[in-house]
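S.K.: Build the 3D model from these lines:
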Amino acid sequence: STSSSAADEGDGLGVIAVDPALANFKGHLEYRWAQYRRTLDSITAGAGSLAAFAEGYKYFGFNREDGAIVYREWAPAAQAAALIGDFSKWEPVWMTRDEWGVWSVRLEDVDGKPAIPHRSRVKVRLQHPHGWWMDRVPAWIKWAAAEQRMDAKYDGIYWDPPAAERHQWRHQRPPRPAALRIYEAHVGMSSETGKVASYSEFTDTVLPRVQALGYNAIQLMAIQEHAYYGSFGYHVTNPFAVSSRSGTPEELKALALIDEAHRRGIAVLLDVVHSHISGNQDDGLAGFDMGQREQDNYFKQGEAGYHKLWDSRCLNYANWECQRYLLSNLRYWLEEYQFDGFRFDGVTSMLYHHHGIHTSFSGDYNEYLGTSTNVDAVVYLMMANRLVHDLVPSAVTIAEDVSGMPALCRPVAEGGVGFDARLNMSIPDTWIKLLKHVRDEHWRMQDIVSALCNRRYTEKSIGYAESHDQALVGDQTIAFRLMGPEMYSGMSALTEATPVVSRGVALHKLIRLVTMALGGEGWLSFMGNEFGHPEWIDFPRDGNGWSHHYCRRQWSLADTDHLRYKFLQAWDAAMMALDNHYGFLASPHQWVTHMDEPEQILVFERGPLLFVFNWSPIADREAYRVAVPAPGKWRVALDSDAWDYGGAGRVFHDADHFSDPEPAGTSRDREHSIRVLAPARTCAVYYNAD
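M.R.: Got it, this is the predicted structure:
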């Protein structure tokens, strides 16, 4: 990273050339850019470069320096500080404070060995401004652990393995794919048995499945340490620490997810949480807030410092040390663990002072670029994206944003926020609304197309049919909502499917393919949803007797040959193979050519392929005329009615569909058409064989 980077050039108004409607908000964009430049210039003047500034983990926390361990902690409000732990028999080792509020202590090696043994427990004891003492987990700790019970308190663990135990990287990062096919996974709940799965078990159980299905990226949830398991990993307590429930830092590097994934050609994205911090003071970063002023605090104060919907703490993105902490956190995961990018959680909450709470975004640009915008957070995200792409040019950054802020996914050099893509979060909401409130024989093609295509086409988005949140207790997966209790009794492939199961299997396939093909420039699916995982997710808690029964993945359902789950899994693999072969997700060509509302027929082009959907529950369409983008011979590339996917095998795959001149006025700008068989509740994909 150098000051000559393209992100340093220009006036931050390049986004206006991409979206002329932004010209009306030139003043806001200029203000945002000026604040970005001032912040970056200040960092460069103080640290030399943004990249150097983001090496805070090499200075703060525990580090080896010239035959000693040096521990440093920024805690300007503390009146006194001491390091305690197993190494000192929990007696205080006093620290000294510098002019910036950084406390430090140097522990010389003893008989040639580190004064703090590897894997021993440590905490920092701080004196509150009001005089009392409190023990905290060090802010930069790289591993934290509790006794093996869900509600136990955490200790920091000094992590510095001997050279022989440190993981040596063997495999390079895979090339960045043209389009992401992301498998979203939670390591802890990946076991079929009632327990928290380890990183090594994930390697053996899940990673081969991801590769066999054809996904090219894994998005890992709940890696940053979180004291409350039921938070799904989003109430982070220790941002630099690997979740100890599933193993050690070295096991994460070597076994499960990174080196081995790279060997298999799979990129690994970290679900990083910089939108808020758990309010748990005993176990996490929130414990360093002693009510001090904001310039001495990681957190905002008063109402601005509390997220009332999430019951968590809001970070102070304008603060120098908070910026250093968060930017260093990104560099740490990129360099120490070789992650290939990030999915930033809760970006909507960061972008606006109201956090998106009780706010509906209509598309009016005043909602995105005005007094409600948290410019401090936007500037932090600009620096974060700049840093990540400077350090690893192939890295991917994805924003979880429901608002649709303009220029969120345009380059920083243009004045954008710099993400590579956003999650198209409105799509899962649309499917749930349809499934809950509208009988499928009344589904309108226009409603489906509008929901899937409602995005900014100068900014990439990731489509997905259902969110992991929608499977939490109190809600259901799409498959369970479609089939309900009959998933317990009607999924045998040895008997004829009931009407409920037949409908559910058919619609599950259609919903996933139409979302993938029309919903964005990438695809995401949560672990197990590819085969229609039943029921819901309920993490172990006091209210369910700390049970793991609904916090696991029943892989055997998809692997049992006589169960229909195998058809849904095969369909998902076929979708991935279709994109791998034809590259339709990466193609900018997307054109809906036909929407027949009475007959519930939807026809569209994506990349070189033609997609034909018949959503009708009863009516087969024979010799149905559909427009094609080019004359010639067309053949079936994928068919949901095929036997392999639990269908009736009515579409003839070896047939050649020769084009005819298209009757004038029957399609959008197409001069040729073919006739196809479109059975009820099926979809077929065609390619030009000439």
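
S.K.: So which residue is dead centre in this structure?
M.R.: Centroid-nearest residue in the chain: Arg343, 3.9 Å away (criterion: CA atoms, centre = their mean).

S.K.: What separation do you get for it and Leu213?
M.R.: Per CB to CB, to the nearest Å, Arg343 is found 19 Å from Leu213. Where you see a C-beta, it was placed from the backbone N, CA and C, and this is true even at glycine.

S.K.: who's in contact with stretch 21-31?
M.R.: With CB atoms under 8 Å, 6 or more residues apart in numbering as the contact definition, stretch 21-31 has outside contacts at 11-13, 15-16, 365, 369-370, 373, 375, 406-407, 415.

S.K.: what bits of the stretch 251-400 of the chain have low per-residue confidence?
M.R.: Where the stretch 251-400 of the chain drops to pLDDT under 70, the residues are 254-256.

S.K.: repeat that for 90
M.R.: Low-confidence segments of the stretch 251-400 of the chain (pLDDT under 90): 251, 253-257.

S.K.: And the helices in it?
M.R.: Secondary structure of the stretch 251-400 of the chain by DSSP state H, counting those that start in this stretch: the helices cover 259-263, 320-336, 347-351, 375-391.

S.K.: List just the one of those helices that sits closest to Val592.
M.R.: Taking CB to CB, helix 347-351 is the member of those nearest to Val592, at 28.3 Å.

S.K.: chain center to the closest one: distance?
M.R.: Taking the mean of its C-alpha atoms, helix 347-351 sits 14 Å from the chain's own mean (CA atoms, centre = their mean, to the nearest Å).

S.K.: Packing partners of that helix?
M.R.: Packed against helix 347-351, as judged by 3 or more CB pairs under 8 Å, 6 or more residues apart in numbering; DSSP states H and E, are the following elements: helix 375-391.

S.K.: longest single helix anywhere in the protein?
M.R.: In the chain, ranked by residue count with DSSP state H as the criterion, the top helix is helix 26-47.

S.K.: So which bits of that helix are buried?
M.R.: For helix 26-47, the buried set under the neighbour-count rule, 16 or more other CB atoms under 10 Å, comprises 28-29, 32-33, 35-36, 39-40, 43-44, 47.

S.K.: cool, stretch 183-197 as well?
M.R.: By 16+ other CB under 10 Å, the buried positions in stretch 183-197 come out as 183-191, 196-197.

S.K.: Now the residue of the chain most remote from its centre. Its backbone dihedrals?
M.R.: Going by CA atoms, centre = their mean, the residue of the chain most distant from its centre is Asp111, 46.6 Å out. Main-chain torsions, Asp111, degrees, to the nearest 10: phi 50, psi 40.

S.K.: same question, Ala451
M.R.: Main-chain torsions, Ala451, degrees, to the nearest 10: phi -70, psi -40.

S.K.: ok, the nearest residue to Met595 once chain neighbours are set aside to Arg681 distance?
M.R.: Nearest in space to Met595, with sequence neighbours left out and distances taken as CB to CB, 6 or more residues apart in numbering, is Met445 at 3.9 Å. Met445 sits 14 Å away from Arg681, going by CB to CB.

S.K.: Looking at those two, which one has more neighbours?
M.R.: Shown here are Met445 and Arg681; by other CB atoms under 10 Å, Arg681 has more neighbours (25 against 20).

S.K.: so who does that one touch?
M.R.: Arg681 makes contacts with 503, 506-507, 510, 614-617, as judged by CB under 8 Å, 6+ apart.

S.K.: try Ser362
M.R.: Going by CB under 8 Å, 6+ apart, Ser362 touches no other residue.

S.K.: From Ser403, how far out is it?
M.R.: Ser362 sits 10 Å away from Ser403, going by CB to CB.

S.K.: which SSE is Leu585 in?
M.R.: Assigned by DSSP states H and E, Leu585 falls within no helix or strand.

S.K.: Number of residues surrounding the closest residue to it other than its chain neighbours?
M.R.: Spatial nearest neighbour of Leu585, excluding adjacent residues (CB to CB, 6+ apart): Ala179 at 3.6 Å. Using other CB under 10 Å, Ala179 has 21 neighbouring residues.

S.K.: For Asn441, which non-adjacent residue is spatially closest?
M.R.: For the record, residue 441 is Glu, not Asn. Closest residue to Glu441 in three dimensions, ignoring its sequence neighbours and counting by CB to CB, 6+ apart: Pro617, at 5.1 Å.

S.K.: Might one say that that neighbour is in contact with Asp440?
M.R.: Yes: Pro617 is within contact range of Asp440, at 6.3 Å (criterion: CB atoms under 8 Å).

S.K.: Identify the contacts common to these two.
M.R.: Counting by CB under 8 Å, 6+ apart, the residues touching both Pro617 and Asp440 are Arg503.

S.K.: Alpha carbons only: can I get stretch 640-647 in PDB?
M.R.: Provided in PDB are the C-alpha atoms of stretch 640-647 (Å, rounded to 0.1, in the frame of the first residue of the first chain):
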ATOM      1  CA  SER A 640     -35.900 -30.400 -13.000                       C
ATOM      2  CA  ASP A 641     -38.200 -33.100 -14.200                       C
ATOM      3  CA  ALA A 642     -35.400 -35.600 -14.800                       C
ATOM      4  CA  TRP A 643     -35.400 -38.800 -12.900                       C
ATOM      5  CA  ASP A 644     -32.100 -37.900 -11.300                       C
ATOM      6  CA  TYR A 645     -33.800 -35.000  -9.500                       C
ATOM      7  CA  GLY A 646     -37.000 -36.800  -8.400                       C
ATOM      8  CA  GLY A 647     -39.000 -35.900 -11.500                       C
END
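
S.K.: give the contact list for the residue nearest to Met595.
M.R.: 595-597, 600-602, 615.

S.K.: on that earlier part again, quick one, what contacts the residue nearest to Glu441?
M.R.: Residues near Pro617 by CB under 8 Å, 6+ apart: 440-441, 503, 680-681.

S.K.: Equivalent analysis for Glu165, please.
M.R.: Contacts for Glu165 (CB under 8 Å, 6+ apart) come out as Glu250.

S.K.: Pull the number of nearby residues for Trp94.
M.R.: 11.

S.K.: Just name the closest of the contacts of Pro617 to Leu578, please.
M.R.: Nearest to Leu578 among these: Arg681, at 19.3 Å, using CB to CB.

S.K.: ok, the closest one to Glu530 distance?
M.R.: To Glu530, Arg681 is 19 Å away according to CB to CB.

S.K.: One more: Gly279?
M.R.: 35 Å.

S.K.: Over to Trp615?
M.R.: Taken as CB to CB, the span from Trp615 to Glu530 is 21 Å.

S.K.: for Arg64, same thing?
M.R.: From Arg64 across to Glu530, the span is 45 Å (CB to CB).

S.K.: quick one, which of those two is more surrounded?
M.R.: Glu530 (24 against 11).

S.K.: Quick check: that one touching Gln569?
M.R.: Yes: assessed by CB under 8 Å, Glu530 is found in contact with Gln569 at 5.7 Å.

S.K.: Pull up the overlap in contacts between those two.
M.R.: Common neighbours of Glu530 and Gln569 (CB under 8 Å, 6+ apart) are 213, 558.

S.K.: just to revisit the earlier point, now the contacts of Arg681: which count as buried?
M.R.: Buried members of the contacts of Arg681, counted by 16+ other CB under 10 Å: 503, 506-507, 510, 614-617.

S.K.: can you give me the helices in the stretch 1-150 of the chain?
M.R.: Under DSSP H, counting those that start in this stretch, the stretch 1-150 of the chain gives helices at 15-18, 26-47, 50-53.

S.K.: can I get the ones you listed in a markdown table with mean pLDDT?
M.R.: Output for those, formatted as a markdown table (pLDDT from 0 to 100):
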| stretch | mean pLDDT |
| --- | --- |
| helix 15-18 | 96 |
| helix 26-47 | 97 |
| helix 50-53 | 98 |
